[in-house]
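Student: Sequence first, then the predicted structure:
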Amino acid sequence: MAITTHDTETEIQDRAILVSLVTDKIKRTGIDPELSLQELVQLAETAGVEVLDVLRQNKETPDSKWFIGKGKVEELRMAADGLGANTAIFDQELSGAQVRNLEEALDLKIIDRTQLILDIFAGRAKTREGIIQVELAQLSYLLPRLSGHGKNLSRLGGGIGTRGPGESKLETDRRHIRDRITELKRQLDEVVKTRELHRERRRKSGAVQVALVGYTNAGKSTLLKQLTDADVYIENQLFATLDPTSRVLQLPAGKEVVLTDTVGFIQNLPHDLVASFRATLEEVNEANLVLHVVDASSPMREEQMEVVQSILQDLGAAGKPQIVLFNKSDICRPEQLQMLPSGPGFLKISAFNPDDLTRITEMIADELAGDTLTFRIPGDRGDLSSLLYRVGEVLEQNVEDNDVLYHVRLNKEDYGKWSYKLAEFVEQE
């Protein structure tokens with residue numbers, strides 16, 4: 001990413017060395033340091049950074065002053081001088097004091113993983129809700145670190161770590177930032193109330209909701225577009241989608257469901273970001289069915305699936321009915337495809353294969369289908385007839401005298417919502 005500075009009007013490219021510290025604590029958590037580092041490279045490239053080199057260090061605990069050991073600081077300085085780097089990006093969170101000490105020792109801009117992700121989100125947010133959420137997460141992250149971010153908050157700094165709220169806001173004192181956080185939370189509460197009204201409207205209409213979830217860049221937005229002809233932004237980048245997009249999907253028998261795309265998950269998703277985006281992520285809790293989209297071609301497929309399941313657990317959505325879609329099968333090697341689970345609840349697909357799209361809608365219909373019931377509806381109750389078509393799959397209808405007999409497949413949840421209207425018209429076996 002080229003940045004124009006205010007003083008020289010020249011373009012400065014972010015040229016970075018990436019740094020990973022593997023501590024005993026990280027080893028105990030089960031986080032894969034190499035997966036995390038590979039993702040850091042992708043994150044940096046997504047932010048427009050030229051990655052020059054990667055430094056690793058194993059250490060029992062982080063150094064309180066430098067985060068990495070003093071010898072590794074010197075190694076980083078020499079590498080930066082030799083390669084012409086102007087930025088160092090750390091794969092773990094740094095304290096404000098550590099940032100300040102590293103900046104003074106290295107004369108580099110210091111960014112950590114969290115700030116890099118927040119920066120990417122700042123560039124992606126388009127809706128009012130997304131913009132509020134990102135700024136709130138950035139300010140919540142920066143508030144306890146204000147004393148440390150010298151170069152990062154400079155008006156001349158530019159580049160990664162400075163997008164979003166704007167440098168002038170970040171240079172104000174803590175009181176003003178706290179006031180801004182309070183105001184953003186108030187605005188977000190209003191947006192959340194509006195979102196809840198939309199959810200309530202969908203509930204009352206009896207709309208069946210299906211949520212697309214998955215690791216970032218698994219292909220969720222592409223799948224949404226292919227299934228529903230949605231006009232959504234698609235790019236081979238991390239976090240191409242921030243704001244949830246809902247579109248109507250028609251199933252084979254004509255029943256319609258609401259299909260919602262969600263923000264991609266990632267290992268070590270920043271806490272402030274999860275908190276700010278919670279209202280968006282909780283769309284998953286409203287779903288009748290979860291489609292877990294997996295990049296089948298990824299060598300880290302199983303680890304990525306575990307991250308998604310862990311976040312669903314945190315959201316309280318782990319018990320939802322789920323279909324796993326192993327996407328990108330068209331670019332998988334035969335041995336990769338053979339290793340994938342198969343059977344009920346699993347599909348190997350390519351979002352660009354029309355036959356696979358049909359198989360997906362058929363599996364969704366099967367998963368949502370329930371018991372078959374027979375309803376005797378009076379001929380003058382067109383409202384109930386249309387309701388049956390809307391919330392179930394009408395398999396057969398026959399006219400008897402002044403009534404119409406409908407044989408309808410309904411899942412329990414749908415029938416439960418409308419039993420107060422329909423129960424008296426059910427034909428007993």
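Tutor: Noted; the coordinates are in hand.
Student: So I131 is in contact with R124, correct?
Tutor: No: using C-beta atoms under 8 Å, I131 and R124 do not qualify as a contacting pair, with a distance of 10.0 Å. Yep, even glycine has a C-beta here, placed from its N, CA and C like the rest.
Student: what stretches of the stretch 301-429 of the chain score poorly on pLDDT?
Tutor: Within the stretch 301-429 of the chain, the stretches falling below the threshold (pLDDT under 70) are 412-413, 429.
Student: residue ranges for the helices of it, please.
Tutor: Ranges of helices in the stretch 301-429 of the chain, per DSSP state H, counting those that start in this stretch, are 301-315, 334-339, 354-368, 382-391, 412-422.
Student: okay if I get those as TSV plus distance to K225?
Tutor: As requested, these are exported to TSV (distance: least, C-beta to C-beta, whole Å):
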stretch	distance to K225
helix 301-315	21
helix 334-339	24
helix 354-368	11
helix 382-391	25
helix 412-422	27
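Student: In JSON lines: those, plus mean neighbour count and distance to E200.
Tutor: Formatted as JSON lines, the helices of the stretch 301-429 of the chain follow (neighbours: other C-beta atoms under 10 Å; distance: least, C-beta to C-beta, whole Å):
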{"stretch": "helix 301-315", "mean neighbour count": "17", "distance to E200": "19"}
{"stretch": "helix 334-339", "mean neighbour count": "11", "distance to E200": "43"}
{"stretch": "helix 354-368", "mean neighbour count": "16", "distance to E200": "21"}
{"stretch": "helix 382-391", "mean neighbour count": "16", "distance to E200": "17"}
{"stretch": "helix 412-422", "mean neighbour count": "15", "distance to E200": "13"}
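Student: Of those, which is nearest A80?
Tutor: helix 301-315 (30.7 Å; C-beta to C-beta).
Student: Send me the closest one as CSV with only the CA atoms.
Tutor: The C-alpha coordinates for helix 301-315 follow below in CSV (Å, rounded to 0.1, in the frame of the first residue of the first chain):
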residue,chain,number,x,y,z
ARG,A,301,-8.4,-27.3,7.1
GLU,A,302,-8.9,-29.2,10.3
GLU,A,303,-7.4,-26.4,12.5
GLN,A,304,-9.6,-23.9,10.8
MET,A,305,-12.7,-26.0,11.3
GLU,A,306,-11.8,-26.2,15.0
VAL,A,307,-11.5,-22.4,15.3
VAL,A,308,-15.0,-22.0,13.7
GLN,A,309,-16.6,-24.6,16.1
SER,A,310,-14.9,-22.9,19.0
ILE,A,311,-16.3,-19.5,18.1
LEU,A,312,-19.8,-21.0,17.5
GLN,A,313,-19.5,-22.5,21.0
ASP,A,314,-18.7,-19.0,22.4
LEU,A,315,-21.7,-17.5,20.6
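Student: For the helix or strand hosting T194, list every residue counted as buried.
Tutor: Taking DSSP states H and E as the definition, one finds T194 inside helix 174-205. For helix 174-205, a neighbour-count test (16 or more other C-beta atoms under 10 Å) marks 177, 180, 184, 187-188, 191, 195, 199 as buried.
Student: what angle separates that helix from helix 412-422?
Tutor: 60 degrees (axes from the mean of the first three to the mean of the last three C-alpha atoms, to 10 degrees).
Student: mind listing the helices for the stretch 101-250 of the chain?
Tutor: 113-124, 128-142, 150-153, 167-170, 174-205, 220-228.
Student: List the residues that contact L35.
Tutor: The contact partners of L35, taken as C-beta atoms under 8 Å, 6 or more residues apart in numbering, are 267, 300, 303.
Student: Do I have it right that the first one meets E39?
Tutor: Yes: the pair Q267 and E39 passes the contact test of C-beta under 8 Å, sitting 6.4 Å apart.
Student: Looking at these two, which has the bigger crowd around it?
Tutor: For Q267 versus E39, the count of surrounding residues by other C-beta atoms under 10 Å is larger for E39: 24 against 19.
Student: before we move on, the earlier item: just how off-centre is the helix holding T194 within its chain?
Tutor: Computed by C-alpha atoms, centre = their mean, to the nearest Å, the chain-centroid distance of helix 174-205 equals 19 Å.
Student: Just the closest of the contacts of L35 to G316, please.
Tutor: Ranked by distance to G316 (C-beta to C-beta), the contacts of L35 are led by Q267 at 20.4 Å.
Student: Pull up the gap between the closest residue to the closest one other than its chain neighbours and E39, please.
Tutor: Distance criterion C-beta to C-beta, 6 or more residues apart in numbering; nearest residue to Q267, sequence neighbours excluded, is V307 at 5.2 Å. Taking C-beta to C-beta, to the nearest Å as the measure, V307 falls 10 Å from E39.
Student: overlap in contacts of the two?
Tutor: Listed contacts common to V307 and E39 are 266-267; contacts here mean C-beta under 8 Å, 6+ apart.
Student: which one of the helices of the stretch 101-250 of the chain lies closest to E424?
Tutor: For the helices of the stretch 101-250 of the chain, distance to E424 was read as C-beta to C-beta. The smallest value, 20.4 Å, belongs to helix 174-205.
Student: quick one: stretch 267-282 to chain centroid distance?
Tutor: 9 Å.
Student: Any idea how far apart the tips of that stretch sit?
Tutor: Stretch 267-282 stretches 19 Å from its first residue to its last (C-alpha to C-alpha, to the nearest Å).
Student: what sits against L347?
Tutor: L347 sits next to 323-326, 356, 359-360, 363 when contact means C-beta under 8 Å, 6+ apart.
Student: Fine, thanks again, bye for now.
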